[in-house]
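Participant: Take this sequence and fold it.
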Amino acid sequence: MNGAHEPESDAFPTVRRAQPEDCPAILELMRSVYGDYNPYFDELDAWLADEVGQLGVAVLDDKVVGFGKLTCLAPGEWWIESIAVDKAYRRRGVARTLGFYGLSLWHERGSGSLRALIAGYNDPSFSYGEAFQFHRSARYVHLLASPEGTTHGFRPLTAADRDWAHERLTRSALWQHTAGLVECRWKWQSLTPEFLSKLIDAGEAFAWRGGEGVACMWRRRGVKEPELRVWFAGAPGNLGEMAREFRAFAATQLRDFGPEPSVIHWRVPDVPELIPTLEASGFRKRESFENTFYLVEYQK
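Facilitator: All right, here's what the predicted structure looks like:
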């Protein structure tokens, strides 16, 4: 699948549920559209098995030329994981057809909110979103930092900590700017007490300085280098200090993941009072055209 291929007809795409025999074509599409380093490779088996949401494929000229994934994250919260189209078949209605297919499926099965994340440079996706009556609910900026330091105040949360930790998060500035939505593995959903319990069980929720703050973050080997991905953080009145200690936490916690230089990722709301605080703590905006993202939402 590459830009040199010429489509064979002017036919309109059809969409159907993906089947196991579609996997080679879907994997090739993932590599073509997202590159060799993307989070979706490991998700494909689960996507195919999902009986609540669905992985759909667009077919044109007897080829799989696109895919889209609709996922139910929690009751009343649905997420569009991805809509991807073979570069040779763009501007032929493939993405729009996948979008209408997913939206129709959600109207049939879902309720509450349907959300997606769109990169700021992706004008066609914004056009489709407006056609589907999505609205932009928040703008995020991707920040990076290098691990540094040895002393931090983080400890894993336990099940007994859940209620006070959730209350602490609801009083944070980030909560006010995100309406209580949290990123987790490239999806956004409400940080309910029940979801916080799942993060605690997964070892991804931490108290800071004996309860002054709470953070949700994920340590992983990553594809290119060891990573700490900050999902959410709440430290009423002291977020800058917590951000500095993220760097020390990463320096101590990522050393066993490999010798390569590690990195901290954090996508935060693009609000004037927040970014300078985090930049003063050693974070910087990612130098890439893929630096800004919009959370879009459709409600019924």
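
Participant: so residue 111 makes contact with residue 74?
Facilitator: No - in this structure, residue 111 is not within contact of residue 74 by C-beta atoms under 8 Å, at 11.3 Å. Heads up, the C-betas are built off the backbone N, CA and C, glycines and all.

Participant: what sits against residue 286?
Facilitator: Going by C-beta atoms under 8 Å, 6 or more residues apart in numbering, residue 286 touches 142, 143, 144.

Participant: try residue 264
Facilitator: 144, 145, 146, 147, 227, 228, 229, 230, 246, 247, 250, 283.

Participant: Please tell me how far it sits from residue 286.
Facilitator: Separation of residue 264 from residue 286 (C-beta to C-beta, to the nearest Å): 11 Å.

Participant: Residue 297 now?
Facilitator: 24 Å.

Participant: residues near residue 150, how many?
Facilitator: 7 (other C-beta atoms under 10 Å).

Participant: no wait, residue 268
Facilitator: Neighbour tally, residue 268, other C-beta under 10 Å: 23.

Participant: so residue 119 touches residue 295, yeah?
Facilitator: No - here residue 119 does not reach residue 295: they are 11.5 Å apart, not a contact under C-beta under 8 Å.

Participant: Who has more neighbours out of the two?
Facilitator: More crowded of residue 119 and residue 295, by other C-beta under 10 Å: residue 295, with 22 against 16.

Participant: Go through stretch 168-180 and flag the buried ones.
Facilitator: The neighbour-count check on stretch 168-180 (16 or more other C-beta atoms under 10 Å) flags 168, 169, 172, 173, 174, 175, 177, 178 as buried.

Participant: and if you look at stretch 184-199?
Facilitator: 184, 187, 188, 189, 190, 191, 195, 196, 199.

Participant: Off-centre distance for that stretch?
Facilitator: 12 Å (C-alpha atoms, centre = their mean, to the nearest Å).

Participant: Check stretch 30-47 too.
Facilitator: With C-alpha atoms, centre = their mean, you get 13 Å for stretch 30-47.

Participant: What's the mean pLDDT across it?
Facilitator: Per-region confidence: stretch 30-47 scores 85 on mean pLDDT.

Participant: ok, residue 233 touching residue 239?
Facilitator: Yes - assessed by C-beta under 8 Å, residue 233 is found in contact with residue 239 at 6.6 Å.

Participant: Report the set of residues contacting both of the two.
Facilitator: Common contacts of residue 233 and residue 239 (C-beta under 8 Å, 6+ apart): 172, 174, 213.

Participant: coming back round to it: which of the contacts of residue 286 ranks first by neighbour count?
Facilitator: Highest neighbour count within these, by other C-beta under 10 Å: residue 143, with 23 neighbours.

Participant: list the contacts for that one?
Facilitator: Going by C-beta under 8 Å, 6+ apart, residue 143 touches 265, 266, 267, 268, 275, 278, 283, 284, 285, 286.

Participant: Distance of it relative to residue 243?
Facilitator: 9 Å.

Participant: do residue 162 as well
Facilitator: Using C-beta to C-beta, residue 162 is found at 24 Å from residue 243.

Participant: Settle it for me: which of those two has more neighbours?
Facilitator: residue 243 (25 against 17).

Participant: Look at that one and tell me its secondary structure.
Facilitator: Taken by DSSP: H, G, I helix; E, B strand; the rest coil, the conformation at residue 243 corresponds to helix.

Participant: for it, what are its contacts?
Facilitator: Applying C-beta under 8 Å, 6+ apart to residue 243 gives the contacts 145, 233, 277, 278, 281, 282, 283.

Participant: Could you pull up the residues touching the spatially most central residue of the chain?
Facilitator: Centre of the chain computed as the mean C-alpha position; nearest residue by C-alpha atoms, centre = their mean is residue 186, 1.6 Å away. If a contact means C-beta under 8 Å, 6+ apart, then residue 186 has 39, 117 as its contacts.

Participant: what do you get for residue 208?
Facilitator: Contacts of residue 208 by C-beta under 8 Å, 6+ apart are 153, 154, 214, 215, 235, 242, 245.
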